[in-house]
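>>> Below is the sequence, then the predicted model.
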Amino acid sequence: MDHVSYPYFTGNPEKKRTDLGVGLPVSRRGALTAPEKYRVRPELVDAVNVALTLGQPLLVTGEPGTGKTQLAYYLAYELNLGAPLKFETKSTTVARDLFYQYDTVGRFQAAQMGGATQGAALGQRRGAVDYIEYQALGKAILFANAPGHYQAATPGDFQHPGQRRSLVLIDEIDKAPRDVPNDILNEIEGMYFKVPELGNLELQAEPAYAPVVVITSNSEKSLPAPFLRRCTYFHMPAPSEQELREIVSLRLEAFDSTSPLLTDALKVMEQIQLPRNGFERKPGTSELLNWLLVLMDRGYRVDDHLRRKTDWIDPCVTALFKLQNDQSKARKLLPQLSFDG
């Protein structure tokens, strides 16, 4: 199948496409997130090994776009633990949500219609279990036991892959209410949880298969001290220029660390980061990679320069900046940037 070239969208109704969109480009995101191309800092290696030795969660903080989430995918890849079981934290998250969710409304409606199991205590538990949906940490604890070990806690449609160790990613825990980290202190330390809807049944991971837990946060300041004491902590700093060169050359194979296009793009990034320019949400590594992908799609070669050109500015603004005020500032600043010095 032939793919059309850039621009894919023209804003001209007379150029309406006739191929039902099948010629549009396939997403390039896979090239930017492949775990085997993750760049690991030496000091991060030490932090991961400390967490594994102590059996503690690894808490990783840092600015957005510094690679916190991708670390979990790389760690699962290198340790051969399969795809991470990911829990995406929300402002409405409660502690139970990390382990399971219970469909109270569905259970009530079934009872009203006579569909809930009645009678013996075991029958009541089996009726309740059908309204449980296990989440990342709950699944990992069940997977750490042989299939059927917790039969009374297993819904009929639950897929158990066989006893295995898993990696759990609890992403952006700072979004949760402050009491959530405190409410899971003992459960994460002991790798267990209780299910009140099943007569307070306790489920615990077999120690040899206890999950590896990675927790990310944009700021350690919002996390309570007792929670921090139970974690191995690592702060992911913003990458240096040389590290960015290495990351780009790993993720985008057309580049090497000295490509002129990359050098000019990094000069743009350097000047954007200057405090005097006043950007509220400064772009990170992922935004840089996105911008370079767009430039390549527009016909730029790795040995091209940005200086004395202006057609890179619009894709730069839309790829790098996520706030209206920042985009407005960028449209004024970028044409004036100097690539010398």
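Sure, I can see it.
>>> all helices for the stretch 101-250 of the chain, in order.
For the stretch 101-250 of the chain, applying DSSP state H, counting those that start in this stretch gives helices covering 104-112, 121-129, 136-143, 179-183, 185-190, 225-229, 241-251.
>>> Show me the contact partners of the last one.
The set of residues that contact helix 241-251 without belonging to it, under C-beta atoms under 8 Å, 6 or more residues apart in numbering, is 31-32, 34, 37-39, 239, 255-259, 262, 266, 269-270, 285, 288-289, 292. Bear in mind the C-beta positions are built from the backbone N, C-alpha and C, glycine included.
>>> Buried only: go through these for me.
32, 37-39, 239, 255, 259, 262, 266, 269, 285, 288-289, 292 (16 or more other C-beta atoms under 10 Å).
>>> Can you flag which of those belong to helices?
Among the buried ones among the contacts of helix 241-251, the ones falling in helices (DSSP state H) are 32, 262, 266, 269, 285, 288-289, 292.
>>> coming back round to it: single out the most deeply packed of the helices of the stretch 101-250 of the chain.
Mean neighbour count (mean count of other C-beta atoms under 10 Å) peaks for helix 136-143 among the helices of the stretch 101-250 of the chain, with a mean of 24.
>>> just checking, what packs against it?
Contact partners of helix 136-143 among helices and strands, from 3 or more C-beta pairs under 8 Å, 6 or more residues apart in numbering; DSSP states H and E: strand 85-88, strand 167-171, strand 192-195, strand 201-204.
>>> you'd agree Ile215 is up against Asp174?
No: if you go by C-beta atoms under 8 Å, Ile215 and Asp174 don't touch, sitting 9.7 Å apart.
>>> If you count surrounding residues, which of these two has more?
Each of Ile215 and Asp174 has its neighbours counted (other C-beta atoms under 10 Å); Ile215 has more, 27 against 17.
>>> just to revisit the earlier point, including distance to Tyr77 and pLDDT, could the buried ones among the contacts of helix 241-251 go into CSV?
Conversion of those to CSV gives the following (distance: C-beta to C-beta, whole Å; pLDDT from 0 to 100):
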residue, distance to Tyr77, pLDDT
Leu32, 15, 76
Lys37, 10, 88
Tyr38, 8, 91
Arg39, 13, 89
Pro239, 20, 91
Phe255, 22, 94
Ser259, 27, 94
Leu262, 26, 96
Leu266, 27, 96
Met269, 28, 95
Thr285, 19, 91
Leu288, 23, 95
Leu289, 19, 94
Leu292, 24, 95
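>>> Just name the closest of the residues you listed to Pro147, please.
Lowest distance from Pro147 to the buried ones among the contacts of helix 241-251 (C-beta to C-beta) belongs to Tyr38, with 32.1 Å.
>>> check contacts around the closest residue to the closest one other than its chain neighbours.
Leaving aside its sequence neighbours, Tyr38 sits nearest to Tyr74 (C-beta to C-beta, 6 or more residues apart in numbering; 3.7 Å). The contact partners of Tyr74, by C-beta under 8 Å, 6+ apart, come to 35-36, 38, 40.
>>> If you rank the residues you listed by neighbours, which is first?
For the contacts of Tyr74, neighbours tallied by other C-beta under 10 Å; top is Tyr38, 19 neighbours.
>>> What residues does that one make contact with?
Counted by C-beta under 8 Å, 6+ apart, Tyr38 has contacts 67, 70-71, 73-74, 77, 250.
>>> Against Arg301, how distant is it?
26 Å (C-beta to C-beta, to the nearest Å).
>>> what do you get for Leu293?
According to C-beta to C-beta, Leu293 stands 14 Å off from Arg301.
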